[in-house]
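Undergrad: need a structure here:
(chains A and B)
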Amino acid sequence: MNSLRIALRKLRALTMRTLPLMITCRELEGFMIDYLEGDLPKRQRRRFDLHLRLCPDCWRYVEAYKQTITLSQAACQDRDTPLPEDMPEELVEAILAARDKDA
Amino acid sequence: MDAIPKRPLKSAAHVSNEKQLVARLRSGDRAGYEQLVRTYGGRMLAVAWRLVRNEEDARDCVQDAFLQAFRNIEHFEERSTLGSWLHRIVVNAALMKIRTRERRPEDSIDDLLPQFDVDGLRLEPEAELAVSLETLLESRQTSEFVRRSIDQLPEGYRNVLLIRDIEGYDTEETAALLGLTPGAVKTRLHRARAALKSLLEPVMRGEKP
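TA: Numbers count the residues shown, from 1 in each chain, chains lettered A, B, ... in the order given. Predicted coordinates for the structure are as follows:
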């Protein structure tokens, strides 16, 4: 299995060197932000999509990367969206007292 | 693959007549100030805490933010909402607080980033995602794990991730808040996300809660 994997990697490396428009896995990293936000120019987007079609590791990487963003947003919303009543009373009083002093 | 939609900014609570409240604030109505603090304060405290990671500092930031808001209510331009305006003020206050802290040398993030061979191929194969996103989103333990993982990121990278992905500012706004170029924001954001992904891999593979 190890020699099969090595052979597949060599084939993939050859593909990336010889196919027109092909980018490497390393180059794909540089496009990630713009790709996910829809800001890649059409030509670059085609190159990115082509690479994903031919590289299962990058496909899984991008899926996991997107999942990471979703999980981080959900985790920070989950706990950190208190109701207004969660504002400590002593802090409310301190803010209003500071405002009275400032006025 | 579809692009990820930008996360919209949210206001903390419904204010039935924002214009009336602004008018009251501008006239110096104390009850109006109290309404403002009680309506938005909780959300602002949460935002501050996410950035400064310390209860006392978070409270200081919120107090500073409200004082700034009271002093500058004449400059509030009604093309944004009160919530968005206050959100930006408290984020700025939190970043100021962070800047005044004693700087520790930042841990390197390189060990968490993907590695490549001489041909530019990923050195390590990527594992299949073993747990569905829906399952992960339902788990409180996973949420805790994600938050702890974000806390592990070096501060410079964590702040970009929090301001961009969690607070929902765009690249230009994030750059202005952090005193970085838009290019630097994109680079740091990508590295922060990639590092966080590495930290979350055990969860996505089903090896941890």
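Undergrad: only C-alpha atoms for contact and neighbour calcs from this point on.
TA: OK.
Undergrad: which residues does the most centrally placed residue in chain B contact?
TA: The geometric centre of chain B, computed from its C-alpha atoms, lies nearest to B:L162 (C-alpha atoms, centre = their mean), at 2.9 Å. B:L162 makes contact with B:50-51, according to C-alpha atoms under 8 Å, 6 or more residues apart in numbering or on different chains.
Undergrad: gap between it and B:K186?
TA: Per C-alpha to C-alpha, to the nearest Å, B:L162 is found 13 Å from B:K186.
Undergrad: wait, doesn't B:L25 sit right on B:Q35?
TA: No - the criterion here is C-alpha atoms under 8 Å, and B:L25 misses it with B:Q35 at 9.7 Å.
Undergrad: What's the separation between the residue nearest to B:L177 when sequence neighbours are not counted and chain A?
TA: Closest residue to B:L177 apart from its sequence neighbours, by C-alpha to C-alpha, 6 or more residues apart in numbering or on different chains: B:N92 at 6.6 Å. Distance of B:N92 to chain A, given as C-alpha to the nearest C-alpha, to the nearest Å: 18 Å.
Undergrad: cool, and B:R79?
TA: According to C-alpha to the nearest C-alpha, B:R79 and chain A sit 24 Å apart.
Undergrad: what do B:L162 and B:K186 both touch?
TA: With C-alpha under 8 Å, 6+ apart, B:L162 and B:K186 have no common neighbours.
Undergrad: neighbours of B:D29, just the number please.
TA: 13 (other C-alpha atoms under 10 Å in any protein chain shown).
Undergrad: Give me the pLDDT value at it.
TA: Here the pLDDT value assigned to B:D29 is 91.
Undergrad: repeat for A:K42
TA: What the model reports as pLDDT for A:K42 is 94.
Undergrad: Next: A:A103.
TA: Per-residue pLDDT puts A:A103 at 74.
Undergrad: Number of residues surrounding it?
TA: As a burial measure, A:A103 scores 9 neighbours (other C-alpha under 10 Å).
Undergrad: so who does it touch?
TA: With contacts taken as C-alpha under 8 Å, 6+ apart, A:A103 has no neighbouring residues.
Undergrad: Can you tell me the closest non-neighbouring residue to residue 25?
TA: You didn't pick a chain, so chain A it is. Among residues not flanking A:C25 along the chain, B:L121 sits closest, at 5.1 Å (C-alpha to C-alpha, 6+ apart).
Undergrad: was after chain B, sorry
TA: Nearest non-adjacent residue to B:L25, counting by C-alpha to C-alpha, 6+ apart: B:G32, 5.6 Å away.
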